[in-house]
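Participant: Pasting the sequence and the predicted model now:
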Amino acid sequence: MKSKLILLSLGVLVLSLYAFNHSYQDPWVVPKEYQDMKNPTDMTDKENKAIGKSLYSTHCKSCHGKEGYGDGPKAADQTGDLGDFSSPEFQAQSDGALFYKSTFGRDDMPEFTKKIPDDEDRWLIVNYMRTLKE
């Protein structure tokens with residue numbers, strides 16, 4: 001009986017450590033220079049909105065989902081939190097922070113400086129992510 005209790009306790013401990021290890025993600029530190037960066041693109045321009053949406057659909061939707069809920073077809077293969085772009089916490093981030101994260105990535109989030117080399121295009125994606133709060 002005592003050995004079963006020890007094995008059960010060890011099992012619970014291992015599962016707890018596994019769950020903690022896979023659910024915890026270090027905070028994403030954005031350098032101050034990016035945190036304070038201003039978005040140079042016109043968010044109200046219809047052509048800019050269309051370009052941002054198209055770029056998001058091509059490069060982001062597969063993981064982050066059509067509505068930005070983090071539920072795209074590739075989401076299950078990713079580790080860490082993909083975020084919910086409609087959430088107040090996400091939307092509270094500065095445009096510069098979103099630009100930094102979209103540009104440099106980390107962990108499963110790829111760096112997009114090669115796939116999307118034009119800074120303006122990455123800013124247009126930031127603009128599109130802002131529309132997902134609606």
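Facilitator: That came in fine, so what should we check first? What you are looking at is a predicted structure, and each value in this text was computed from that prediction instead of being measured. Numbers count the residues shown, from 1 in each chain.

Participant: Contacts only, for the spatially most central residue of the chain.
Facilitator: Centroid-nearest residue in the chain: Leu82, 4.4 Å away (criterion: Cα atoms, centre = their mean). The neighbours of Leu82, taking Cβ atoms under 8 Å, 6 or more residues apart in numbering as the test, are 63-64, 70, 72, 75. All C-beta spots, glycine's among them, are computed from the backbone N, C-alpha and C.

Participant: For the buried ones among the residues you listed, write the corresponding PyMOL selection.
Facilitator: In PyMOL syntax, the buried subset of the contacts of Leu82 is picked out as below (16 or more other Cβ atoms under 10 Å):
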select buried, resi 63+64+70+72
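
Participant: could you dump the contacts of Leu82 to a markdown table with secondary structure?
Facilitator: Formatted as a markdown table, the entries for these read as follows, by DSSP: H, G, I helix; E, B strand; the rest coil:
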| residue | secondary structure |
| --- | --- |
| Cys63 | helix |
| His64 | helix |
| Gly70 | coil |
| Gly72 | coil |
| Ala75 | helix |
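
Participant: which among the contacts of Leu82 gets closest to Lys53?
Facilitator: His64 (12.9 Å; Cβ to Cβ).

Participant: Quick check: the gap between the closest one and Phe85.
Facilitator: With distances taken as Cβ to Cβ, to the nearest Å, His64 is found 7 Å from Phe85.

Participant: what's the burial count for Tyr69?
Facilitator: Residues contacting Tyr69 under the criterion other Cβ atoms under 10 Å number 16.

Participant: ok, the residue nearest to it when sequence neighbours are not counted - contacts?
Facilitator: The spatially closest residue to Tyr69, leaving aside those adjacent along the chain, is Asp84, at 5.4 Å (Cβ to Cβ, 6 or more residues apart in numbering). If you count contacts by Cβ under 8 Å, 6+ apart, Asp84 has them with 68-70, 90.
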